[in-house]
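Enquirer: okay, predicted coordinates and the sequence, questions at the end:
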Amino acid sequence: MHVRPAAVAGTWYPGSRAALTREVDDYLSAVPESTPFDVQAVIAPHAGIMYSGPVAAYAYKAAAAAAPYDVAVLVGPSHFSAFEGVAVFPGSAFETPLGLSAIDADGVMAIAAAPMVNRLAAPHAREHSLEMQLPFLRRLLPQVPIVPMLMGFQRRETILGLAQALAAAFAGRRALLVASTDLSHYFDAATAASLDQRVQARVAALDPEGLLDLVESYPEHERGQFVACGAGPAVAVLMAARTLGATEARILKYAHSGDISGDLSGVVGYLAAAMGRPPA
């Protein structure tokens, strides 16, 4: 079966096992312990690890505290390939410097039964939105197989269809749903914080319908800039998590690229959030 080679190792994140382990562990060690929470889904960013890693660490540390999981289901936007529906990778694994991240064949089969999901390898070749999740998954949940999916055109029918398909395909399993997205792109820091607060408010309220309404208030070509490049995956994951029993959402961390670069004139926003249930 086809293994998807790492596309951005050595550029977006360290290409060696030792260096990547050190960097991921540094980000995780900076995250304070949180109150117990049965995490069923997370939202995590996907920029270069030096920028988004300190935020993503919050999402994955919360998820790891709620382990074990049977499978991690990754949904991200396609930045390079334009296509209808959702592309699930049909191979056996994703390559990473921390070892192969095995693909869950049963999960692929289950989700590929949905009419908007197709088995397509090509859109995954250059895409970073899922690959940037793997250093944290390999470090914290190395035995958990993945189901990697990219959303093409982020249209309402695709988003709603995928939400239903996710809930149906993984209802009988302990799945961690992962939505990969950055928030607003290239506004000054104050404007970005204001724009991104609208997304945070809808996530915190576990209100995917409100988030979808926000997305659709912009022309399609402006949605990634003003709302989130992976807004469609985020809405689908929020809806599926709620259907699967999530009753609460927590904003774990917000930051932007200017916090690292020092350039506040044009930043990208990053969010870590977790959806699930309080402990019984």
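Expert: Thanks, I have the structure now. Numbering: from 1, shown residues only.
Enquirer: pull out the buried positions in stretch 173-182.
Expert: Residues 175-182 are the ones in stretch 173-182 that count as buried (16 or more other CB atoms under 10 Å). C-beta coordinates here come from the backbone N, C-alpha and C atoms, glycine included.
Enquirer: show the end-to-end separation of it, please.
Expert: By CA to CA, to the nearest Å, the extent of stretch 173-182 from end to end equals 28 Å.
Enquirer: what mean pLDDT does that stretch have?
Expert: For stretch 173-182, mean pLDDT is 98.
Enquirer: what do you get for stretch 148-163?
Expert: In this model, stretch 148-163 carries a mean pLDDT of 98.
Enquirer: now the end-to-end length of that stretch.
Expert: Note: stretch 148-163 ends 15 Å apart using CA to CA.
Enquirer: in the protein, where is pLDDT below threshold?
Expert: 1 (pLDDT under 70).
Enquirer: distance of the residue located most distally from the centre of it from Thr247?
Expert: In the chain, the residue that sits farthest from the middle, by CA atoms, centre = their mean, is Ala280; the gap is 26.7 Å. Per CB to CB, to the nearest Å, Ala280 is found 12 Å from Thr247.
Enquirer: swap in Ala272?
Expert: Taking CB to CB, one finds Ala272 at 19 Å from Thr247.
Enquirer: which of these two has more residues huddled nearby?
Expert: Ala272 (25 against 13; other CB atoms under 10 Å).
Enquirer: surely that one is in contact with Ala41?
Expert: No: with contact defined as CB atoms under 8 Å, Ala272 does not reach Ala41; the gap is 12.0 Å.
Enquirer: re the thing from before, which one of the buried residues of stretch 173-182 is nearest to Ala62?
Expert: Closest approach between these and Ala62, by CB to CB: Leu176, at 10.4 Å.
Enquirer: residues contacting that closest one?
Expert: Leu176 makes contact with 39-42, 63, 69, 71-73, 141, 144, according to CB atoms under 8 Å, 6 or more residues apart in numbering.
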